[in-house]
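Engineer: Model the following, please.
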Amino acid sequence: MMLGVLMTFLSAAAFASADEVFITPNGTKYHKETCRLIKNKGTLSKVDKEQVVKDGYGPCKKCFAEDIAGAAPDAGDQIKGKIKKGS
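Structural biologist: Numbering: from 1, shown residues only. I've put the predicted structure just below:
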């Protein structure tokens, strides 16, 4: 019984923090707090992931590789792909 309660609590805690990401004042990417690519961790702001995506922020290529893998390629990638195929 206690194990089930503990597992439920841990799952809920992980889910709650999954929607929070970190941004810097001048950056254009969102990060996990532990990301090694953040230059000045003292300027981090914790924000809602859904909101920063709406605001135009993109995922960090290191700490959110899964978000990049699931995203549609941008127009530049599509054009490059067509040029290579036509060559």
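Engineer: got the contact list for residue 64?
Structural biologist: 30-32 (CB atoms under 8 Å, 6 or more residues apart in numbering). C-beta coordinates here come from the backbone N, C-alpha and C atoms, glycine included.
Engineer: ok, now residue 27?
Structural biologist: residue 57 are the contacts of residue 27 under CB under 8 Å, 6+ apart.
Engineer: that older thread, which ones among the contacts of residue 64 map onto strands?
Structural biologist: residue 30 (DSSP state E).
Engineer: Mind giving me the PyMOL select for the contacts of residue 64, buried ones only?
Structural biologist: To isolate in PyMOL the members of the contacts of residue 64 that are buried, counting by 16 or more other CB atoms under 10 Å, one can use:
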select buried, resi 30+31
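Engineer: Output the contacts of residue 64 as TSV; include the columns pLDDT.
Structural biologist: Listed next are the contacts of residue 64 as TSV, based on pLDDT from 0 to 100:
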residue	pLDDT
30	94
31	95
32	94
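Engineer: Identify the spatial nearest neighbour of residue 29, chain neighbours not counted.
Structural biologist: Setting aside the residues directly before and after it, residue 29 is nearest to residue 60 in space (CB to CB, 6 or more residues apart in numbering), at 4.6 Å.
Engineer: Looks like the one you found contacts residue 28 (just checking).
Structural biologist: No - look at residue 60 against residue 28 with CB atoms under 8 Å: they stay out of range, at 10.0 Å.
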